[in-house]
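1. curious how this folds, go ahead:
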Amino acid sequence: MIIDVLKDGFKTVKEHKWAILGMWMPAFIVGVIANCFSILTSLFSVSLKMGLLKSDQDGNFNFKNAFAAFDGMTWVGVIVIDFLAALIKAVLIVLFAVVALLFFFAGVNQQNSFFFAIAALVALIGIAVFIYVSLGLAFIFLTYYTDTKDTDLNNGFIKSFPETWKLMKGHRYELLGLIVLQFLISLGVFLAFLVVVVIVAVLFSLMHGSIIAISLATILGILIFIAAIVAIVFLDLWFLMSQIKFFERLK
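-> Numbers count the residues shown, from 1 in each chain. As a prediction, this is how the structure comes out:
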């Protein structure tokens, strides 16, 4: 399924690139302007995901879908879910961190390596549990948007937690595999650009800083920079659309 959703995501972005890019711009602009206001940034990011899901299901990518979360009171549920999900993760982090630190300081006080080993084990278990829970809640906003937002007098955000948890049963490792593969693709693209930059720098260094070399280096530098920006934006849209496809496969 991992390869299939990547292919489907790539195909969808390729076919609707300008519409999807337009939908992506509000979330990007708000993220840049309001990066200190995480709630607003998160809200527009979630709204983009909801809009892409709606567009893909309808087969019609419209700019207005980028504001899907602002349809009615959906945005209120998004904020509540965002807070509750963050609270759950924070509790997990604090819980395992406190236990690990207690064993660590016990090891320091008693100079006993056994306590250091227990502290490391608790930390590893904590990381594993955090990843497991995060994967289980990965699509909670989309689950809320499609399944539960209109239930219980718009208090569907409560039901969205168990619903998305059940939805991800047996699929966590597939989602983790998708995330890892996306990271590897990003890393490969970064290394490719790095190799190009190094090769260009070496070639022009051999020209001993002549006017022609400086001019060509400037032009190539601008072109490489533009290509890198295009690659970053495309990868972001591709990976985002692939995750939407993943969610649709689960449904």
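
2. list the helices and strands the helix or strand of the chain at the bottom of the mean pLDDT ranking packs on?
-> Within the chain, judged by mean pLDDT, DSSP states H and E, the helix or strand with the poorest mean is helix 17-33; its value is a mean of 86. Contacts defined by 3 or more CB pairs under 8 Å, 6 or more residues apart in numbering; DSSP states H and E place helix 17-33 against helix 38-58, helix 211-250. Where you see a C-beta, it was placed from the backbone N, CA and C, and this is true even at glycine.

3. rerun that using 6 Å as the cut-off
-> The contact analysis (3 or more CB pairs under 6 Å, 6 or more residues apart in numbering; DSSP states H and E) places helix 17-33 against helix 38-58.

4. so the helix it packs on versus helix 17-33, what angle?
-> 170 degrees (axes from the mean of the first three to the mean of the last three CA atoms, to 10 degrees).

5. buried residues in the very next helix or strand once past helix 38-58?
-> Where DSSP states H and E defines the elements, the next helix or strand beyond helix 38-58 is helix 74-110. With burial defined by 16 or more other CB atoms under 10 Å, the residues of helix 74-110 counted as buried are 74-75, 77-79, 81-82, 84-85, 92, 96, 99-100, 103-104, 107.

6. contacts for the least confident helix or strand of the chain, please.
-> The contact list for helix 17-33 (CB atoms under 6 Å, 6 or more residues apart in numbering) reads 13, 41, 44-45, 48, 51, 61, 63, 66, 237.

7. buried subset of those?
-> Buried among the contacts of helix 17-33 (16+ other CB under 10 Å): 13, 41, 44-45, 48, 51, 61, 66, 237.

8. ok, now which ones touch I125?
-> Contacts of I125 (CB under 6 Å, 6+ apart): none.

9. rerun that using 7 Å as the cut-off
-> Counting by CB atoms under 7 Å, 6 or more residues apart in numbering, I125 makes contact with F96.

10. what helix or strand is it on?
-> Under the criterion DSSP H and E, the helix or strand holding I125 is helix 113-136.

11. C-terminal to that helix, what's the next element?
-> Counting by DSSP H and E, what follows helix 113-136 is helix 140-143.

12. what is the orientation angle of the helix or strand that that next one is followed by with helix 211-250?
-> Next helix or strand after helix 140-143 toward the C-terminus (DSSP H and E): helix 157-167. Angle of helix 157-167 versus helix 211-250, following the same axes, to 10 degrees, is 90 degrees.

13. need the pLDDT of H208.
-> What the model reports as pLDDT for H208 is 65.

14. A138 too?
-> Model confidence at A138 (pLDDT) stands at 93.

15. how close does the closest residue to it other than its chain neighbours get to G136?
-> With sequence-adjacent residues excluded and distances taken as CB to CB, 6 or more residues apart in numbering, A138 is closest to L175, at 6.0 Å. As judged by CB to CB, to the nearest Å, L175 and G136 stand 9 Å apart.

16. just to revisit the earlier point, quick check: the residue nearest to A138 touching R249?
-> No - if you go by CB atoms under 7 Å, L175 and R249 don't touch, sitting 10.6 Å apart.

17. so for the two, which sits in the more crowded spot?
-> L175 (22 against 13; other CB atoms under 10 Å).

18. what residues are up against that one?
-> Contacts here follow CB under 7 Å, 6+ apart; on that basis L175 touches 135, 138, 246.

19. could you rerun that using 8 Å?
-> 135, 138, 168, 246 (CB atoms under 8 Å, 6 or more residues apart in numbering).

20. that concludes my questions; thank you for your assistance.
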